[in-house]
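Enquirer: sequence below, structure please.
(one chain, ligands or ions: 1)
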Amino acid sequence: MTLRISVIGTGYLGATHAAAMAEFGFEVLGLDIDPDKIAMLTAGRVPMYEPGLSELLLKHVAGHEGSTGRLRFTTSAKEAAEFGDVHFICVNTPQRKGEFAADMSYVDTAIDDLAPHLTRPALVVGKSTVPVGSAARLAERLAALAPVGEAAELAWNPEFLREGFAVQDTLRPDRIVVGAQSERAEQLLREVYADPIAAGVPFLVTDYATAELVKAAANSFLATKISFINAMAEVCEAAGADVTLLSTALGHDERIGRKFLNSGLGFGGGCLPKDIRAFMARAGELGADQALTFLREVDSINMRRRSRMVELAREQCGGGFLGRRIAVLGAAFKPNSDDIRDSPALNVAAQIQLQGAQVTVYDPKAVDNARKMFPSLAYADSALEAAEGAHVVLHLTEWAEFRELDPAELGAVVAERRLLDGRNVLDAEVWRAAGWTYRALGRPS
Ligand code: UDX
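Expert: As a prediction, this is how the structure comes out:
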């Protein structure tokens, strides 16, 4: 009999995971406490912008013409508990207000809501990013609350998907890591992931703590790589060198690699910033804080990029923002996403506005979200409209459409042809040839 899978929490991680499980051929039930989200998903609509996800949902959500009908959604934890053989926990673990530590309340609640209804053997699989040690604690909680006791088992299976590539990363991840305590848990997960395993995706079995740490370590490494190149950008700026050429040259060394060596405004989003902070907090609790003090520096280098961008914009405005119009291209924390959590672009836009400039923001997908969070900024429907009358144009999220902008066309509507490229991806020569002053972080003026 094919396994039945429930997915608890249908945000971008859970919604994608649920659709992928249906694509692998399983019967899937997605559970969320938010009835609006469940209504949307049931209608085959995705509550966020994620390329390819709505197509995958429509292919499987029950009730849609031509769908496999393998995927349904509910708000009832009891229904999910009774339905599933394997239950994936995909709720978020945001940063706690005023602290570095992760807020585990959604994970705890997910277990508390599910466990009392587990009346037959079940495997609960955590995917959320959690402080190391959580799985051991949650396994006990699960067994204590479930009527089947220890036959309700826990495994930990961290998720490495990137927003914007969520579907492909879920169907064909780089690796599958499973923290499991029994042969049965491992076998069930081998069955769940039979499709990617058959395609050659490595399947690694570890203890709980190592599985939890793989995720924290991977995100810390990525954040460190970005902050490393951004630190080099600071030195390049002081020395009159060009960080983009430096990245290319470093990247040819296979031990270093060119990926994640793009210097610019730094990292944001719902994962890297909060995950490195939660990791530091957890290491502190474990008495290993010294091991991660470098992550503080990684965080500071990253935050300094935003202030440096504001400074550069002020310089371009002649030393002050009063009476100046600034066009901001990009609001999402990265391209191909409408996610604005800890978005470097919006942080810079808000700082500049606070200092007296009139700021107009354009983003291909994230304007609606940005407007809710930053209602006092002005928004435009196109890059051209945002640039009208601008004294400086700031390119802060590297959407492909910004690379296609015509410098002459944009030049015709601005007050002054001044461009700051916060992502180091526009062609400086082309913009300069069209009469623009092109400046970027970590490159000579
Ligand atoms: C990240 C991890 O990549 C993923 O494995 C994990 O599961 C969740 O966190 P995500 O937040 O979706 O994924 O975005 P990612 O593509 O990693 O980019 C993170 C941030 O780093 C973005 O703000 C991006 O603009 C920035 N970045 C990335 C750089 O500044 N330079 C780079 O070279 C790469």
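Enquirer: switch to C-alpha atoms for all contacts and neighbour counts from now on
Expert: Fine.
Enquirer: near the ligand, which residues of the stretch 301-445 of the chain show up?
Expert: Counting by Cα under 6 Å from any ligand atom, the stretch 301-445 of the chain comes close to the ligand at 333-334.
Enquirer: those helices in the stretch 301-445 of the chain, which residues are they?
Expert: 344-354, 367-373, 383-387, 400-403, 407-413, 428-433 (DSSP state H, counting those that start in this stretch).
Enquirer: want to throw these into a markdown table with distance to residue 113 and mean pLDDT?
Expert: Shown next, in a markdown table, are the helices of the stretch 301-445 of the chain (distance: least, Cα to Cα, whole Å; pLDDT from 0 to 100):
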| stretch | distance to residue 113 | mean pLDDT |
| --- | --- | --- |
| helix 344-354 | 36 | 98 |
| helix 367-373 | 30 | 98 |
| helix 383-387 | 46 | 98 |
| helix 400-403 | 43 | 98 |
| helix 407-413 | 54 | 98 |
| helix 428-433 | 55 | 97 |
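Enquirer: which one of the ones you listed lies closest to residue 151?
Expert: helix 367-373 (42.9 Å; Cα to Cα).
Enquirer: distance from the chain centre to the closest one, please.
Expert: 17 Å (Cα atoms, centre = their mean, to the nearest Å).
Enquirer: which of the helices of the stretch 301-445 of the chain sits closest to residue 246?
Expert: Per Cα to Cα, nearest to residue 246 of these: helix 428-433, 16.2 Å.
Enquirer: got the buried residues for that closest one?
Expert: 428, 431-432 (16 or more other Cα atoms under 10 Å).
Enquirer: next one: stretch 127-143
Expert: 127-132, 134-135, 138-139, 141-143.
Enquirer: and for stretch 247-257?
Expert: In stretch 247-257, counting by 16+ other Cα under 10 Å, buried: 247, 250-251.
Enquirer: do the same with stretch 409-417
Expert: Buried-residue list, stretch 409-417, by 16+ other Cα under 10 Å: 410-411, 413-414, 416-417.
Enquirer: the residue nearest to residue 80 when sequence neighbours are not counted bridge partners, please.
Expert: Excluding its sequence neighbours, the residue lying closest to residue 80 (Cα to Cα, 6 or more residues apart in numbering) is residue 6, at 5.9 Å. Beta-bridge pairing for residue 6 (DSSP bridges): residue 29, residue 87.
Enquirer: and residue 6, what is it in contact with?
Expert: 18, 28-31, 80-81, 83-88 (Cα atoms under 8 Å, 6 or more residues apart in numbering).
Enquirer: who wins for neighbours among those residues?
Expert: residue 18 (34 neighbours; other Cα atoms under 10 Å).
Enquirer: and the two most separated of the buried residues of stretch 409-417?
Expert: 410 and 416, at 10.3 Å, using Cα to Cα across the buried residues of stretch 409-417.
Enquirer: would you map the strands across the stretch 251-400 of the chain?
Expert: 325-329, 358-362, 378-379, 392-395 (DSSP state E, counting those that start in this stretch).
Enquirer: which strands and helices sit next to the third one?
Expert: Judged by 3 or more Cα pairs under 8 Å, 6 or more residues apart in numbering; DSSP states H and E, the packing partners of strand 378-379 are strand 358-362.
Enquirer: list the contacts of the strand it packs on.
Expert: 323-331, 349, 352-353, 367, 377-383, 386-387.
Enquirer: same thing but at 6 Å, please
Expert: With contacts defined as Cα atoms under 6 Å, 6 or more residues apart in numbering, strand 358-362 is touched by 325-330, 353, 378-380, 382-383, 386.
Enquirer: filter those to the buried ones?
Expert: 325-330, 353, 378-380, 383, 386.
Enquirer: nearest to residue 286, of the strands of the stretch 251-400 of the chain?
Expert: Among the strands of the stretch 251-400 of the chain, strand 392-395 sits nearest to residue 286 (Cα to Cα), with 41.5 Å.
Enquirer: please enumerate the helices of the stretch 51-200 of the chain.
Expert: 53-60, 77-83, 105-114, 134-145, 166-171, 183-192, 194-198.
Enquirer: for the longest one, output the C-alpha coordinates as CSV.
Expert: Yep, that's helix 134-145 we're talking about. What follows is helix 134-145, C-alpha atoms only, in CSV (Å, rounded to 0.1, in the frame of the first residue of the first chain):
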residue,chain,number,x,y,z
SER,A,134,15.3,20.1,19.7
ALA,A,135,14.7,16.8,18.0
ALA,A,136,15.7,14.8,21.1
ARG,A,137,13.4,17.0,23.2
LEU,A,138,10.5,16.8,20.7
ALA,A,139,10.8,13.0,20.4
GLU,A,140,10.1,12.7,24.1
ARG,A,141,7.2,15.1,24.0
LEU,A,142,5.7,13.2,21.0
ALA,A,143,5.9,9.8,22.7
ALA,A,144,4.5,11.2,25.9
LEU,A,145,1.5,12.9,24.2
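Enquirer: going forward can the numbers begin at 7, since that is how I track them
Expert: With 7 as the first residue, the last one maps to helix 140-151.
Enquirer: chain center to it, what's the gap?
Expert: 27 Å.
Enquirer: that one vs helix 111-120, what angle?
Expert: Taking axes from the mean of the first three to the mean of the last three Cα atoms, to 10 degrees, one finds that helix 140-151 is oriented at 20 degrees with respect to helix 111-120.
Enquirer: residues touching helix 140-151, excluding its own?
Expert: With Cα under 6 Å, 6+ apart as the criterion, helix 140-151 contacts 121-122, 155-156, 158, 160.
Enquirer: which strands or helices does the helix ranked longest in the chain pack on?
Expert: Criterion DSSP state H: the longest helix present in the chain is helix 214-245. Applying 3 or more Cα pairs under 6 Å, 6 or more residues apart in numbering; DSSP states H and E, one finds that helix 214-245 makes contact with helix 299-322.
Enquirer: what's the angle between the helix it packs on and strand 331-335?
Expert: 140 degrees.
Enquirer: tell me how far helix 299-322 is from the chain's mean position?
Expert: With Cα atoms, centre = their mean, you get 20 Å for helix 299-322.
Enquirer: can you give me the buried ones in that helix?
Expert: 301, 304-305, 307-313, 315-316, 318-320, 322.
Enquirer: can you pull up the bridge partners for residue 131?
Expert: residue 94, residue 161.
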